[in-house]
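Asks: Got a predicted model here, sequence first, then my questions.
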Amino acid sequence: MPKPMTNVAHWDGVWSRVPSMRLPSRLFVTTQDRMRLLRRHLKPGMRFVELGCAPGKMLAWVATQGVQVAGMDYSAQGIEWGRQLMRALGLEADLRCEDLFSTTFSRESFDLVHSAGLIEHFDDPLPLVKIHLDLVRPGGTVLISVPNYGGVYGAMGRRFGPSDFALHNLATTSRAGMESILRQFPGMQGHVEVSGRCFASRVLFDEKLPRGVGALLEYATNGLGLIQPFRIGWLCPHIVLEIVKPLKKGASDRGPKP
């Protein structure tokens, strides 16, 4: 089992504040980025699971698209917020507080398996990717998103947020790194792409700059991203690994159709 670079106490601290009991705000460019990414793959009636789902905001949005949703997180506080959110919105979700490496979800039971900001917090990402592949059905899709720290955002983070960088396996946070991961799974159909509009989180700045300055830079780049008309590669804040699990010999794709 790979060593996590963060622990439960860290994530319980992250989710210690009570989240708003609403769907994710489209005023944040990162929200729009993930919606844009997921919308390409979502189909009514499909089964979707998010690994590292707390506090459940994006999972709730996916549920409004007519999708059967499930989520897993090892932060009990994060899962509790997710359950409260689903109840407040009148949505159904199978949320489980458990470790990825001992999950009770059945193998090959989901059409789409997704995580965002998860695998880069482990010293060895390959077992994490394998868990995604174990959970997705043949013919289904795995979507893994990580921060893009291979370019301008990495330069900012190394200069202003070295402690936050210490919580990341930087080998996974570049396009070359994710392509290297993909090559470890021969026979899988997949590709790696940079994704999203301009955005620099305040965690890149708060360690060395006053908190207000970090927040101002975050809001400024968020505003630029919201009005950015098209993707600009070097400004993309995310890297996405997409893998389609091959069908078994003699099998047909019985997944949900558009």
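Replies: That came through, no problem.
Asks: For the longest strand anywhere in the chain, which strands pair with it and how are they oriented?
Replies: When the chain is parsed with DSSP state E, its longest strand is strand 136-147. Its sheet considered, strand 136-147 pairs with strand 110-116 (parallel), strand 238-244 (antiparallel) by DSSP bridges.
Asks: Comparing these, which comes out most buried?
Replies: Of all the strands paired with strand 136-147, strand 110-116 has the most neighbours on average by mean count of other Cβ atoms under 10 Å, namely a mean of 24. Every C-beta, even on glycine, is put in place using the N, C-alpha and C of the backbone.
Asks: Could you export it as CSV, CA atoms only?
Replies: The C-alpha trace of strand 110-116 is given here as CSV (Å, rounded to 0.1, in the frame of the first residue of the first chain):
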residue,chain,number,x,y,z
PHE,A,110,-19.4,1.9,-12.4
ASP,A,111,-19.6,3.4,-15.8
LEU,A,112,-17.5,6.4,-14.8
VAL,A,113,-14.9,6.6,-12.0
HIS,A,114,-13.6,10.1,-11.2
SER,A,115,-11.2,11.7,-8.8
ALA,A,116,-9.8,15.3,-8.6
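Asks: And the strands in the stretch 51-200 of the chain?
Replies: Along the stretch 51-200 of the chain, the stretches classed as strands by DSSP state E, counting those that start in this stretch are 68-73, 94-97, 110-116, 136-147, 189-195.
Asks: coming back round to it: now the strands paired with strand 136-147 as a markdown table including distance to Pro127 and mean pLDDT?
Replies: Shown next, in a markdown table, are these (distance: least, Cβ to Cβ, whole Å; pLDDT from 0 to 100):
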| stretch | distance to Pro127 | mean pLDDT |
| --- | --- | --- |
| strand 110-116 | 13 | 98 |
| strand 238-244 | 15 | 97 |
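Asks: can you tell me the average pLDDT over the longest strand of the chain?
Replies: Strand 136-147 shows a mean pLDDT of 97.
Asks: mind listing the helices in the stretch 151-258 of the chain by residue range?
Replies: Here the stretch 151-258 of the chain has its helices, by DSSP state H, counting those that start in this stretch, at 152-160, 162-165, 175-183, 211-227.
Asks: Measure how the longest one sits relative to helix 152-160, angle-wise.
Replies: For helix 211-227 against helix 152-160, the angle between stretch directions is 180 degrees (axes from the mean of the first three to the mean of the last three Cα atoms, to 10 degrees).
Asks: What are the contacting residues of helix 211-227?
Replies: 27-30, 32, 196-206, 209 (Cβ atoms under 8 Å, 6 or more residues apart in numbering).
Asks: And it, what's buried?
Replies: Gly214, Leu217, Glu218, Thr221, Asn222, Gly225 (16 or more other Cβ atoms under 10 Å).
Asks: Likewise for the second one?
Replies: When neighbours are counted by 16+ other Cβ under 10 Å, the buried residues of helix 162-165 are found to be Phe165.
Asks: and what of the third one?
Replies: By neighbour count on 16+ other Cβ under 10 Å, the buried set for helix 175-183 is Arg175, Gly177, Met178, Ile181, Leu182.
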